[in-house]
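Q: Sharing a model that was predicted from the sequence below.
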Amino acid sequence: MNILKQLVIASYKVLTKVLPINHKIILFESNMGRNYTGNPKAIYEEMVRLGLDRKYRCYFILEGTETKIPGAAKKIKRNRFRYFYYYAIAGIWISDTRFPKYIIKRPDTIYIQTWHGTPLKKLALDLDAVYMSGETSLEDYKRNFYENVQTWDYLISQNHYSTEIFRKAFGFEKEILEIGYPRNDILYSKNNEEDIIKIKESLGLPQDKRVILYAPTWRDNEYYRNGIYRFNTGLDFPLLMKELKEDTVLVVKYHYLIKDVIDWSDYEGFVYDFDKDYDISLLYLTSDMLVTDYSSVMFDYSILKRPMMFYCYDLCEYRDTLRGFYFDFMNEAPGPVVETTKSLIDSIKGYDYDIYKKKYEAFINKYNHADDGNASAKVINKLLP
């Protein structure tokens, strides 16, 4: 940490002791400030719809402030003085990831942690080993995580399954709002032909081809440096293009931790890539089929009841070494689980919903029972009576 930042943080600590809290100020942060997406975005945009963005002073924390945001919210660049100043005085914090250790939660500030997914892979205090960048030991990781969790006042859960895991894995004893995820509200309000056509137009996707969304998670042990991960996949993209390009396009969506810049020019007209700045909910709506691996996108996409494929080229390593799973993934997966590109292509071409119908219905009943398209409004009603 450089000297200037140390001085700013020292000043920030003083501000938290002398400045009054303003309960009309709300801070939003998505994915450590890397984009304007997810649950914080959905909650804010519901405030805009209700006209509450002008009744309250809303600020979005961002690494790059060129991002366009509707309504009256102002943008604050992460780790600058204004960032610390507003964290010192804001009455409400809304975030989907943990804050750095140097951010101080004052007793009168309300902090709602929206989190960012239903867990398949083990989390936090349940981990048996840690391979993530920036972590020195499992003990330090767990201690830091637990201490951070104690600053949360509310935690959002997508389903009862998650609620039970969060209690144990996070050591969270305060109120859990089991209301579904705000980011999924759009999957109810925009899941119609007219809106999907408009979204495809805005994203530059063809209207006359099948759209397959490929949205894998990140690998804990595949990184360049702290918080910067590689896009590592065993997919044979030339083979995919050869076999599917006639009537299909492949939308590749990177996880927000992925920072690779990949040249897709050899796949022009077949591969459309979208980085961390794009809200994946829009890509869900425009796609006819999802290909993922162990990502929590499966729990959101299942709301749409569209086909899902699971390309898990490193299944044994991921399950047995990197993370471990909370449930029998192979048994519950509501679609084919494959380990090679050829098997994936065969599954895409021969997909039969009837084969997976019972598994899909059981999956929806277990993981989507709380999602109803009104989660954002429920959060607002809780925070802003």
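A: In hand now; what should we look at?
Q: any chance you could map the helices in the stretch 251-385 of the chain?
A: For the stretch 251-385 of the chain, applying DSSP state H, counting those that start in this stretch gives helices covering 280-286, 297-301, 315-317, 329-332, 341-349, 353-367, 375-383.
Q: if we look at the longest one, which residues are touching it?
A: Just to be clear, that refers to helix 353-367. 118, 158-159, 161, 299, 302-303, 305, 307, 332-336 (C-beta atoms under 8 Å, 6 or more residues apart in numbering). Yep, even glycine has a C-beta here, placed from its N, CA and C like the rest.
Q: Recalculate using a threshold of 10 Å.
A: Residues outside helix 353-367 that contact it (C-beta atoms under 10 Å, 6 or more residues apart in numbering): 118, 158-162, 180, 296, 298-300, 302-303, 305-308, 327, 331-336, 371.
Q: Return the alpha-carbon coordinates of that helix using CSV.
A: Provided in CSV are the C-alpha atoms of helix 353-367 (Å, rounded to 0.1, in the frame of the first residue of the first chain):
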residue,chain,number,x,y,z
TYR,A,353,-35.8,-31.9,-22.6
ASP,A,354,-38.0,-34.9,-21.6
ILE,A,355,-34.8,-36.8,-20.5
TYR,A,356,-34.1,-34.1,-17.9
LYS,A,357,-37.7,-32.9,-17.1
LYS,A,358,-37.9,-34.5,-13.7
LYS,A,359,-34.5,-33.3,-12.7
TYR,A,360,-35.2,-29.8,-14.0
GLU,A,361,-38.5,-29.6,-12.0
ALA,A,362,-36.8,-30.8,-8.8
PHE,A,363,-34.0,-28.3,-9.4
ILE,A,364,-36.5,-25.4,-9.8
ASN,A,365,-38.5,-26.4,-6.7
LYS,A,366,-35.3,-26.5,-4.6
TYR,A,367,-33.5,-23.4,-5.8
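Q: helices or strands up against the biggest strand by length in the chain?
A: Longest strand in the chain by number of residues, with DSSP state E as the criterion: strand 22-29. With contacts defined as 3 or more C-beta pairs under 10 Å, 6 or more residues apart in numbering; DSSP states H and E, strand 22-29 has these neighbours: helix 38-50, strand 57-62, strand 74-77, helix 81-89, strand 90-95, strand 110-113.
Q: Give me the angle between the first one and strand 57-62.
A: Between the axis of helix 38-50 and that of strand 57-62 there is an angle of 150 degrees, by axes from the mean of the first three to the mean of the last three C-alpha atoms, to 10 degrees.
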